[in-house]
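Visitor: From the sequence below, what's the structure:
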Amino acid sequence: MPADPRRWLALVAVALSVLVISFDMTILNVALPTLASQLQATTGQQQWIVDAYTVVFAAAMLPAGLLGDRYGRRRTLTVGLALFGLASAVGMLTDSPATLIAARAAMGLAAALVMPMSLAVIPGIFPAGERRRATAILSAAIAGGAPLGPLIGGLLLQHFWWGSVFAVNVPLTVLGIGACLLLLPETRNPAAPRIDLPGTVLAATGLGALTYGIIEGSDRGWADLLVLTTLIGSVVLLTALVLRSRHRSDPMLDLTLLADPAFRWSSVAATLISLVLFGAFFVLPLYFQSVLGADALGSGLRLMPMMLGLLVAARLSERLVTRLGARAVITLGLALLAAALLFGSRTGSADGYGRAAAWLTVLGLGMGLALITAQGSALITLPPARAGVGSGLLQTLRQVGGAIGIAAFGSLLAGSYRSALDTGGLPAEAAHRAEASVVAADAVARETGRPALGAAAHVAYVHGMGLVLLVAGLVAAVSAVLVAARMPAGEATRGTPADRPEPATAGDHR
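Guide: This is a model prediction of the structure:
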C-alpha cells in the first residue's frame, strides 16, 4: 500500500491535538491562586481541580486504547477532542468548585481517548522507515506541552478572566477535529478483541484507586485508613486484572507486549522520566512566584529555557539514535536530567534566576532526548493491529509514574518545608496557616506585619525544593544506570513486528 501523501499534514493535526491535552496538565499550576480567590475554593477543592484530571486520565487509558483499535482510531480521537472541548466550555462558564472538578474529570476522560490514539495512528499512515521520525515529532509535542502550559496560563490570566485557561481549549479542539477529519485516514482492527466489561471495570477502578490513593496519601498521610484501604483495594483489583488478562486469548491488558525487552525497557524509562519530571514541575512555579516574586506570566516565561532544550533535543534525537542506538540516547538523556536536577538542588534562597535558567536548559535537553527516544523505541516495536492497546499501556504507565511523582515529591516538599520553617512567636492558628504553604506564610507575614516570617518561609521552601530536586536527580541517575545495563542495544531499531503492515482486513482507509 503506497504511503498517504497527506501523512505529514495529518501528523501536524494529531500533534496539535496532543499539544492541547498536554499543556492542559500544567496550565492550572499558575491559575490555582486565582481560582482559589474567585471561586472560594478550599485547599482540598483546589487539589481536586488538578487531580480529577489525572485520576480519570490514568483510569481510562487502557480501555480507550482498545476502543480505538476496534471502532476506529480517527473516530475515537475526534470524539475525545469533542468531549474535551465541551468539558472545557463547562469549566469556563461555571462558578462552582464542584462543577469545575466534574468538568476536569470529563477532560481527563477525553484526554484518555486522545492520547493513546494520537500515537496509535502512526503505524497506519507512515511506512516503517518514517515511523521513528513521526513518533519523535509527536513525542516532542507531548513533552512540549508541559512547559508551555504555565506560559499560556500566565498570558491568559494577565489579560483575561480565570475562565480563559479553559476557553482557549475550545477553538483549539475545534481546529483539531476539523484537521483530523480532513487529513487523517481512518484505521481500525476489526479483529481486535471485544470490549471486556469486567476487565474494563477492573482496569478503571484499579488504576483510579491507585492514583487516588497516591494523591491523597501525600495530603492525609500514608497511615490514614482511607489511603490504606484505597491502595490495598487497588492492588487487589489490578492483581485480578493481571490474572484475568493472563487467562484470556484477547486481553485488554496485553502483558505479552512487555515480553519484548525493547518495549519493556523503553516503557520503564518513559515512566521513570515522568516520575522525575513531575518533581521539577511541582516545585518550580511556587519558587518563581513566591521566592523570586514573579507573576503568573513571569513564571511561565521562566520555564522557557526548558522549551529551548527540548527543541534542540527534538532536532538531534533521530540522528543520535541512528548513530548511537536508542539505549545510548535514552541513557544520555537520563544522565543530563540527573545532572540538571542535582545542580538545581544546590539552589540557595539568595540565588537569582540565572542559576535556574542554566539547569532548566539542560533539563529540557535531557527530557527531550530521553522521553522522545523512549516513546519512539517502545512504539515502533508494536504490531500495527495492537497499536491502540500498546500505546494505551505505555501512556498508562507514564500517567501512574507522574501521579507517584506528584504524591511522593509533594509529600517530601511539605514535610521538609514544615520542619525547616520557624513559626516561633506566632499564635497557634497563624502558625498552622503558615506551615500549610509558602503562599499562606507570605499572607500571614503581611497580615501580622512580620516580614521576617516571609523571609523564613522562602528559605524553608528553597530547602524543601532542594531536597525534592536532589531525590529526583538521584532517581534519574539510577534510571540511567538501569537502562544502560538492561535495555538491549539496537533492538528497538531493528526490524520488528511494527515493520509489517496491518492486514488488509484490519484497516479501513477513507
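Visitor: What count of nearby residues applies to the closest residue to Ala420 other than its chain neighbours?
Guide: Distance criterion Cβ to Cβ, 6 or more residues apart in numbering; nearest residue to Ala420, sequence neighbours excluded, is Ala460 at 3.9 Å. All C-beta spots, glycine's among them, are computed from the backbone N, C-alpha and C. A count of nearby residues for Ala460, using other Cβ atoms under 10 Å, gives 23.
Visitor: which secondary structure elements does the helix or strand that contains Ala460 contact?
Guide: Per DSSP states H and E: Ala460 is located in helix 451-486. When contacts are defined as 3 or more Cβ pairs under 8 Å, 6 or more residues apart in numbering; DSSP states H and E, helix 451-486 sits against helix 261-286, helix 326-344, helix 387-420, helix 438-448.
Visitor: Of all the residues in it, which ones are buried?
Guide: 453-454, 456-473, 475-477, 479-480, 482-484 (16 or more other Cβ atoms under 10 Å).
Visitor: coming back round to it: and the helices and strands packed on helix 451-486: which comes nearest Leu226?
Guide: Closest to Leu226 of the helices and strands packed on helix 451-486, according to Cβ to Cβ: helix 387-420, at 14.2 Å.
Visitor: next structured bit after the closest one?
Guide: Following helix 387-420 in sequence, per DSSP H and E, is helix 428-436.
Visitor: Can you tell me which helices and strands that following helix packs against?
Guide: helix 438-448.
Visitor: helices or strands next to the helix it packs on in the packing?
Guide: Against helix 438-448 (3+ Cβ pairs under 8 Å, 6+ apart) you get helix 428-436, helix 451-486.
Visitor: Now tell me what touches it from outside.
Guide: 33, 286, 289-291, 417, 421, 426, 430, 433-435, 450-454, 456-458, 460-461 (Cβ atoms under 8 Å, 6 or more residues apart in numbering).
Visitor: Tell me what angle the helix holding Ala460 forms with helix 387-420.
Guide: 140 degrees (axes from the mean of the first three to the mean of the last three Cα atoms, to 10 degrees).
Visitor: what about helix 451-486, distance to the chain center?
Guide: How far helix 451-486 lies from its chain's middle: 19 Å, per Cα atoms, centre = their mean, to the nearest Å.
Visitor: Now do it and helix 326-344, the angle between them.
Guide: Using the same axes, to 10 degrees: helix 451-486 against helix 326-344 is 160 degrees.
Visitor: Report all helices and strands that the helix or strand containing Ala59 contacts.
Guide: If you go by DSSP H and E, Ala59 is part of helix 43-71. Secondary-structure packing of helix 43-71 (3+ Cβ pairs under 8 Å, 6+ apart): helix 32-39, helix 73-93, helix 97-120, helix 197-220, helix 387-420.
Visitor: at 7 Å what do you get?
Guide: On a contact count with 3 or more Cβ pairs under 7 Å, 6 or more residues apart in numbering; DSSP states H and E, helix 43-71 meets helix 32-39, helix 97-120, helix 197-220, helix 387-420.
Visitor: Distance check, Thr256 against Arg246.
Guide: Distance, Thr256 to Arg246, by Cβ to Cβ, to the nearest Å: 9 Å.
Visitor: before we move on, the earlier item: in the helix holding Ala59, what counts as buried?
Guide: Buried-residue list, helix 43-71, by 16+ other Cβ under 10 Å: 45-71.
Visitor: Run the chain-centre distance for it.
Guide: That offset, for helix 43-71, works out to 11 Å (Cα atoms, centre = their mean).
Visitor: Stretch 478-489 too?
Guide: 22 Å.
Visitor: With only the CA atoms kept, save that stretch in PDB.
Guide: Provided in PDB are the C-alpha atoms of stretch 478-489 (Å, rounded to 0.1, in the frame of the first residue of the first chain):
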ATOM      1  CA  VAL A 478      19.800   5.300  38.900                       C
ATOM      2  CA  SER A 479      17.400   5.100  35.900                       C
ATOM      3  CA  ALA A 480      20.300   5.900  33.600                       C
ATOM      4  CA  VAL A 481      22.300   3.000  35.000                       C
ATOM      5  CA  LEU A 482      19.400   0.600  34.800                       C
ATOM      6  CA  VAL A 483      18.700   1.400  31.200                       C
ATOM      7  CA  ALA A 484      22.400   1.200  30.200                       C
ATOM      8  CA  ALA A 485      22.600  -2.200  31.900                       C
ATOM      9  CA  ARG A 486      19.300  -3.800  31.000                       C
ATOM     10  CA  MET A 487      17.900  -2.400  27.800                       C
ATOM     11  CA  PRO A 488      19.100  -4.400  24.700                       C
ATOM     12  CA  ALA A 489      21.400  -2.400  22.300                       C
END
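Visitor: quick one on the thing from earlier: could you tell me the angle between the helix holding Ala59 and helix 261-286?
Guide: Using the same axes, to 10 degrees: helix 43-71 against helix 261-286 is 150 degrees.
Visitor: now helix 43-71: mean pLDDT?
Guide: Confidence for helix 43-71, expressed as mean pLDDT, is 75.
Visitor: Please apply the same query to stretch 153-171.
Guide: 85.
Visitor: Give me the buried positions along that stretch.
Guide: Buried residues in stretch 153-171, counted by 16+ other Cβ under 10 Å: 153-157, 162-169.
Visitor: List the contacts of that stretch.
Guide: Residues from elsewhere that reach stretch 153-171 (Cβ atoms under 7 Å, 6 or more residues apart in numbering): 20, 24, 27-28, 30-31, 34-35, 38, 84-85, 88-89, 91-93, 152, 296-300.
Visitor: Return the members of the residues you listed classed as buried.
Guide: Buried by 16+ other Cβ under 10 Å: 20, 24, 27-28, 30-31, 34-35, 84-85, 88-89, 91-92, 152, 296-300, out of these.
Visitor: count of residues packed around Arg133?
Guide: Residues near Arg133, counting by other Cβ under 10 Å: 17.
Visitor: residues contacting it?
Guide: Counted by Cβ under 7 Å, 6+ apart, Arg133 has contacts Glu318.
Visitor: ok, now which ones touch Ala103?
Guide: Here Ala103 is in contact with Ala87, Val90, Gly91, Thr94 (criterion: Cβ under 7 Å, 6+ apart).
Visitor: What about Tyr287, how many residues nearby?
Guide: Tyr287 has 23 nearby residues by other Cβ under 10 Å.
Visitor: and it, what does it touch?
Guide: Contacts of Tyr287 (Cβ under 7 Å, 6+ apart): Tyr461, Met465.
Visitor: Please tell me how far it sits from Gly221.
Guide: Tyr287 is 25 Å from Gly221, by Cβ to Cβ.
Visitor: how is this structure carved up into domains?
Guide: As assigned by automatic domain parsing, the chain contains the domains 7-195+252-498, 196-251.
Visitor: before we move on, the earlier item: which of the helices and strands packed on helix 438-448 comes out lowest on mean pLDDT?
Guide: Lowest mean pLDDT within the helices and strands packed on helix 438-448: helix 428-436, a mean of 78.
Visitor: next one: that helix to chain centre, how far?
Guide: 32 Å.
Visitor: tell me the angle that helix makes with helix 43-71.
Guide: Using the same axes, to 10 degrees: helix 428-436 against helix 43-71 is 30 degrees.
Visitor: buried residues in helix 428-436?
Guide: For helix 428-436, the neighbour count (16+ other Cβ under 10 Å) marks Ala430, Ala431, Arg433, Ala434, Glu435 as buried.
Visitor: So what angle separates the directions of that helix and helix 438-448?
Guide: Using the same axes, to 10 degrees: helix 428-436 against helix 438-448 is 140 degrees.
Visitor: returning to that earlier point: let's have the helices and strands packed on helix 451-486 in JSON lines, adding mean pLDDT, distance to Val14 and mean neighbour count.
Guide: Listed next are the helices and strands packed on helix 451-486 as JSON lines, based on pLDDT from 0 to 100; distance: least, Cβ to Cβ, whole Å; neighbours: other Cβ atoms under 10 Å:
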{"stretch": "helix 261-286", "mean pLDDT": "82", "distance to Val14": "19", "mean neighbour count": "24"}
{"stretch": "helix 326-344", "mean pLDDT": "92", "distance to Val14": "22", "mean neighbour count": "24"}
{"stretch": "helix 387-420", "mean pLDDT": "77", "distance to Val14": "12", "mean neighbour count": "23"}
{"stretch": "helix 438-448", "mean pLDDT": "79", "distance to Val14": "38", "mean neighbour count": "19"}
